[in-house]
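>>> sequence plus predicted model, see below.
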Amino acid sequence: MKKMYAGMLVVLFIALTTTVFAFGPGMGAGGPCGPGISRGGPGYGLVANLNLSKEQMDKMWQLKERKRNETSAMRYELFQKKNELRSLYTNPSADDAAILAKQKEVNALRTKLQDKMVQFRLDERKILTPEQLKQLNESGRGFGFGRRGFGPGPCGRS
C-alpha cells in the first residue's frame, strides 16, 4: 500500500514540475518583456516603446480578444485537419489523392487564418497614431516580424 502512495506522489510531483518548466525562463511576473508587460498582453510589448495611452491599450486588448474569439473555431479545425493529414501520411493504405486533398484543406484554412491576421493588423494600425507608426517603423519592429507579431524576437527585441 505504501508503494502505491509513493508511486502516486512521484507521478503528482512530476506532473506539477512539468507545468513549471513549460513556461520556461523569464515567464514570471510580467513575462519576458519586463515588469508589467506581457508578451500576450495589450500591445505585445509595444507598450514601453510606443507609450500607448490607456484607451489605446484597452482597444488593443479588445481587438486581441475579438480576434481570438473569431479564429478559435478555425484554429481548432486546422489542428484537426493537420492531425488527419499526419494520420494519412502514416497510413500505408492511404492513397496519394487523399493526402493531396487533405493538404489542400489545411492550406485553405491557413490562408483564411492569415487573412484574419492581416485584417487584425490593419485594425491595430488604426489604433496607433501617425507618430507611433513612424516610431514603430524607425525601431525596425513593425508588424508581422518574429513571435507574436512584433519584432524579431519576443516582445520585439533581438
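Structure received.
>>> give the residue spans of this protein that score low on pLDDT.
Residue ranges of the chain with pLDDT under 70: 18-48, 140-158.
>>> can you do 50?
For the chain, the stretches flagged by pLDDT under 50 are 26-43, 47, 145-154, 156-158.
>>> domain parsing for it?
Under the assignment automatic domain parsing, the domains of the chain span 1-50+142-158, 53-127.
>>> quick check: end-to-end length of the last one?
Across domain 53-127, the straight-line distance between its terminal residues is 10 Å, by CA to CA, to the nearest Å.
>>> buried residues, stretch 92-103. List them.
Neighbour-count burial for stretch 92-103, counted by 16 or more other CB atoms under 10 Å, picks out Lys102. Bear in mind the C-beta positions are built from the backbone N, C-alpha and C, glycine included.
>>> any idea how far Gln132 is from Phe120?
Distance of Gln132 to Phe120, given as CB to CB, to the nearest Å: 17 Å.
>>> show me what counts as buried in the longest helix along the chain.
Ranked by residue count, the top helix of the chain under DSSP state H comes out as helix 54-90. Using 16+ other CB under 10 Å as the test for burial, helix 54-90 gives 56-57, 59-60, 63-64, 67, 71, 78, 81-82, 85, 88.
>>> name the helices or strands packed onto the following helix or strand past that helix?
Counting by DSSP states H and E, the next helix or strand C-terminal to helix 54-90 is helix 96-127. Applying 3 or more CB pairs under 8 Å, 6 or more residues apart in numbering; DSSP states H and E, we find helix 96-127 packed against helix 54-90.
>>> what angle separates the helix it packs on from helix 96-127?
170 degrees (axes from the mean of the first three to the mean of the last three CA atoms, to 10 degrees).
>>> from the contact counts, what lies against helix 54-90?
So helix 54-90, by 3+ CB pairs under 8 Å, 6+ apart, packs with helix 96-127.
>>> just want the angle from whatever helix or strand comes next after the helix it packs on to helix 96-127.
Next in sequence after helix 96-127, counting helices and strands by DSSP H and E, comes helix 130-139. Angle of helix 130-139 versus helix 96-127, following the same axes, to 10 degrees, is 130 degrees.
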